[in-house]
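Undergrad: Quick one: sequence plus predicted model below, questions after.
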There are 2 protein chains.
Amino acid sequence: MARLNDHYLKLAAGYLFPEISRRVGEFADANPKANLIKLGIGDVVLPLASSVRQAMHDAIDEMATAEGFRGYGPSEGYDFLREAIVQNDFASRGVQIDPSEVYASDGSKCDSANIQEIFATDATLAVTDPVYPVYVDTNVMAGRTGGADSGGRYARIEYLPCTEENSFLPALPERPVDLVYLCSPNNPTGVVTPRDELQKWVDWARANDAIILFDAAYERFISEDLPHSIFEIDGARECAIEFRSFSKTAGFTGIRCAYIVIPEELKGRGSNGEQASVAQLWRRRTNTKFNGISYPVQRGAEAIYSEEGRKEVQANIDYYTANAGLILEGLSKAGLKTFGGVNAPYVWLKTPDGLDSWQFFDQLLERANVVGTPGSGFGAHGEGYFRLSAFGLREQVEEAIDRIAKNLG
Amino acid sequence: MARLNDHYLKLAAGYLFPEISRRVGEFADANPKANLIKLGIGDVVLPLASSVRQAMHDAIDEMATAEGFRGYGPSEGYDFLREAIVQNDFASRGVQIDPSEVYASDGSKCDSANIQEIFATDATLAVTDPVYPVYVDTNVMAGRTGGADSGGRYARIEYLPCTEENSFLPALPERPVDLVYLCSPNNPTGVVTPRDELQKWVDWARANDAIILFDAAYERFISEDLPHSIFEIDGARECAIEFRSFSKTAGFTGIRCAYIVIPEELKGRGSNGEQASVAQLWRRRTNTKFNGISYPVQRGAEAIYSEEGRKEVQANIDYYTANAGLILEGLSKAGLKTFGGVNAPYVWLKTPDGLDSWQFFDQLLERANVVGTPGSGFGAHGEGYFRLSAFGLREQVEEAIDRIAKNLG
């Protein structure tokens, strides 16, 4: 019988969100009249921006003509998109990125899942705790870890606790590691890493020959004076890769587009000690395993950077940010302790009365018919915390806060 | 310095098609007036079908409304697409596949590249020779092989020669292997595996506990009475996975949609000897590393199965098949020996005058300004052969044949 990848069997539990779906499904079956409000998975709700809609229509019409038809595109993305990205997301903030250093993809989940493939199977890694589960699970599946302990922590991963005491800003790893995953604005805590902290990370990475995998999928939500990109930090080009996403800006969770930035200076080494370009390995992966993203989708993503597109994106961000403000205010009034939610679309709350995260999940579901995400699903140090997402319709957010105040306050 | 995946360094050469692009680019720079005709990479040229165009427009408009907006879809694809697939591609041929056994993706290249991840790193494999390079390269990158010899053959892969002598139908492996990749209609030879041969493979796989990874991306081009799916063969549900693509039917190379079928009966085993479901591992991979494909793309793919869509697809297939017929006829007149091209969009030709494949590539490029694909790029037994694709505009195919007759005949 064909031999399977055993490492999959090490995975401690089903991926978090399917487990939530299962519990919600059971509740909905048992309570068919309940009007559930979902502030869990972090999916956007506002309709597709009209600039994006128009650009996608145009691209489809173009492809339906003999002259305009396009077949295989570049696996790394079309130049028009890569150029719009560097101009608008980087040059505008004084960061020099070459379009050839940008690789368009079908999602940040995919990118942050696939990036580990180009590193050695025995490369060591550090992650924050709590953490977006994809970073950990994909390394488990690749055989880069041992088994999980009773708390769901895998051997050979260094976990960096993010707690109330350290303001959810992790300490540097105690041992040298090859890779460290950082996410800012953070999913799930909603905390942004300030400039001086980020500089500490970059200095540490360069001193320790580590690579920082920097997930900035939520950078558009930063409203205060904080770094949007790790490449705003001196020396980051020698030690960092950045992930960006269109999912939460112009509502691309169902359209699928994201990108990754790998500076040409970034080097790793083979087991013979020789240096090699990280970008070159990524290009090889991209060309061998991927055929680029849908042309109409790339035109849609480009339109986000048009004058109209920028306004529409900003309006979406403002809408969700106002939701986050309402959630923060409502939870505080209900006597709950909250974090994040100012420069991020996520509010991280401390569960009341010593409830654990899944107990609070069930209580919130049963008493308020509101769905959130248990903090323990993001790691051992997420236990006793809970994530609410600001990606709801305004009236749903208001109703959810109202129900929480009435039934859990 | 972060440790890289060394296995990438074993890759014998750049991925075939970028190397062709490089040579063509050099030729075009040196000969700016040359009117190149590309029958190399196998990219379609006919415009997007109007049924697909309309369905994609509708989906985009739907997403631009508050009620119709869709965010994250199911990672495995929407039910409407999975149901259309099983009805039209399988039930219509008497094959029972459940919609839940179908996993929609952004391309067969991606699927056939990713599938190896769910098998053990020390799983053994057999491939035909010549072969689509992605099957081999992705296993090299995953560390499942040794280094390459001077002929580009990797240690720990069993190569199954496809030669004129065996009518390009490979013998069964001599040793047991965990995985075997078969492609029918074959890329690059254009040969379809007949029913009795496929039954032999299924019987062998079941007797030897192997899994057949069956690539049927070109099945729509079968015009004779030959199997379109391995699941037409008794016992295949216990030993096979199938890949299908929309790329070459309704011109989806730039739209990106494909699917994979994994029967629920299919089992592998862990190193502890216990059986596990292959589909379950694939679902775990899909949910952890992928977020599904663009909703408008899935609606576009669904439209291929509408009454209008079916007619449009058939018209495209007929057009390309007629091209293949012209190529076969023209090459024969020019005194070249040909294979395939009847039930497949590829013509496989024997290079004349003892030229090797790249010599013929250069000669064809220089004398006829026609771009094809060197057989040696597909493996050692492809040496001395050459692939021409039928995916051109009619007038280009006619012109290419004319030039070949005049300049190489």
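TA: Thanks, I have it.
Undergrad: Chain B contacts on the stretch 151-300 of chain A?
TA: Counting by Cβ under 8 Å from any Cβ of the partner chain, the stretch 151-300 of chain A comes close to chain B at A:178-179, A:209-211, A:251, A:253-256, A:267-272, A:275-276, A:278, A:281, A:284-285, A:287-297. The C-beta positions use only the backbone N, C-alpha and C, and glycine is treated the same way.
Undergrad: Next, A:Leu160: secondary structure please.
TA: Three-state assignment for A:Leu160 (DSSP: H, G, I helix; E, B strand; the rest coil): strand.
Undergrad: Could you pull up phi and psi at the nearest residue to it once chain neighbours are set aside?
TA: Spatial nearest neighbour of A:Leu160, excluding adjacent residues (Cβ to Cβ, 6 or more residues apart in numbering or on different chains): A:Pro170 at 3.6 Å. With angles defined as degrees, to the nearest 10, A:Pro170 sits at phi -70, psi 150.
Undergrad: What of the one 4 residues further on?
TA: Note on A:Glu174: its backbone torsions stand at phi -80, psi -30 [degrees, to the nearest 10].
Undergrad: thinking again about what came up before, ok, now which ones touch the residue nearest to A:Leu160?
TA: The neighbours of A:Pro170, taking Cβ atoms under 8 Å, 6 or more residues apart in numbering or on different chains as the test, are A:Thr128, A:Leu160, A:Pro161, A:Cys162.
Undergrad: Can you verify my assumption that the second one contacts A:Leu125?
TA: No. Using Cβ atoms under 8 Å as the test, A:Leu160 is too far from A:Leu125 to be in contact (10.7 Å).
Undergrad: Give the residues shared as contacts by the two.
TA: A:Val180.
Undergrad: who has more neighbours, those two?
TA: Per other Cβ atoms under 10 Å in any protein chain shown, whichever of A:Leu160 and A:Leu125 has more neighbours is A:Leu125, with 25 against 21.
Undergrad: Wait, the more buried one touches A:Leu182, no?
TA: No. Between A:Leu125 and A:Leu182 there is no contact under Cβ under 8 Å: 11.7 Å.
Undergrad: So, low pLDDT: which residues of chain A?
TA: A:13-15, A:409 (pLDDT under 70).
Undergrad: mind listing the helices for it?
TA: Along chain A, counting by DSSP state H, helices occupy A:16-30, A:50-63, A:79-85, A:108-114, A:133-141, A:195-207, A:278-289, A:295-303, A:307-333, A:357-363, A:394-408.
Undergrad: buried sites along the last one?
TA: This points to helix A:394-408. A:Gln396, A:Val397, A:Glu398, A:Glu399, A:Ala400, A:Ile401, A:Arg403, A:Ile404, A:Ala405, A:Leu408 (16 or more other Cβ atoms under 10 Å in any protein chain shown).
Undergrad: what sits against the first one?
TA: Going by Cβ under 8 Å, 6+ apart, A:Gln396 touches A:Ile37, A:Leu39.
Undergrad: same thing but at 10 Å, please
TA: A:Asn35, A:Leu36, A:Ile37, A:Lys38, A:Leu39, A:Val45, A:Asn323, A:Val370 (Cβ atoms under 10 Å, 6 or more residues apart in numbering or on different chains).
Undergrad: and what of the second one?
TA: The neighbours of A:Val397, taking Cβ under 10 Å, 6+ apart as the test, are A:37, A:39, A:320, A:322-327, A:330, A:370, A:388-391.
Undergrad: Please parse chain A into its domains.
TA: A:7-47+A:308-408, A:52-306 (automatic domain parsing).
Undergrad: Just the terminal-to-terminal distance for the last one.
TA: Criterion Cα to Cα, to the nearest Å; first-to-last residue distance in domain A:52-306 is 9 Å.
Undergrad: And for stretch A:75-90?
TA: Stretch A:75-90 has an end-to-end distance of 22 Å (Cα to Cα).
Undergrad: sorry, back to before: including distance to B:Pro133, could the buried residues of helix A:394-408 go into a markdown table?
TA: Converted to a markdown table, these look like this (distance: Cβ to Cβ, whole Å):
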| residue | distance to B:Pro133 |
| --- | --- |
| A:Gln396 | 50 |
| A:Val397 | 51 |
| A:Glu398 | 56 |
| A:Glu399 | 55 |
| A:Ala400 | 52 |
| A:Ile401 | 56 |
| A:Arg403 | 57 |
| A:Ile404 | 56 |
| A:Ala405 | 61 |
| A:Leu408 | 58 |
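Undergrad: List just the nearest of these to chain B.
TA: The closest of the buried residues of helix A:394-408 to chain B turns out to be A:Gln396 (Cβ to the nearest Cβ; 12.2 Å).
Undergrad: Spell out which parts of the stretch 301-409 of chain A neighbour chain B.
TA: A:Phe391, A:Leu393 (Cβ under 10 Å from any Cβ of the partner chain).
Undergrad: Next, name the residue at the spatial heart of chain A.
TA: A:Ala217 (4.9 Å; Cα atoms, centre = their mean).
Undergrad: Just say which of the domains of chain A is most tucked in.
TA: domain A:52-306 (a mean of 21; mean count of other Cβ atoms under 10 Å in any protein chain shown).
Undergrad: any idea how far that domain is from the chain center?
TA: 9 Å (Cα atoms, centre = their mean, to the nearest Å).
Undergrad: Give the residues shared as contacts by A:Leu125 and A:Leu182.
TA: In contact with both A:Leu125 and A:Leu182: A:Tyr135, A:Leu213, using Cβ under 10 Å, 6+ apart.
Undergrad: A:Thr351 against A:Phe360, yeah?
TA: Yes. With contact defined as Cβ atoms under 10 Å, A:Thr351 and A:Phe360 form a contacting pair (4.1 Å).
Undergrad: before we move on, back to that, tell me the one of the contacts of A:Pro170 nearest A:Arg153?
TA: A:Arg153 lies nearest to A:Pro161 out of the contacts of A:Pro170, by Cβ to Cβ, at 11.0 Å.
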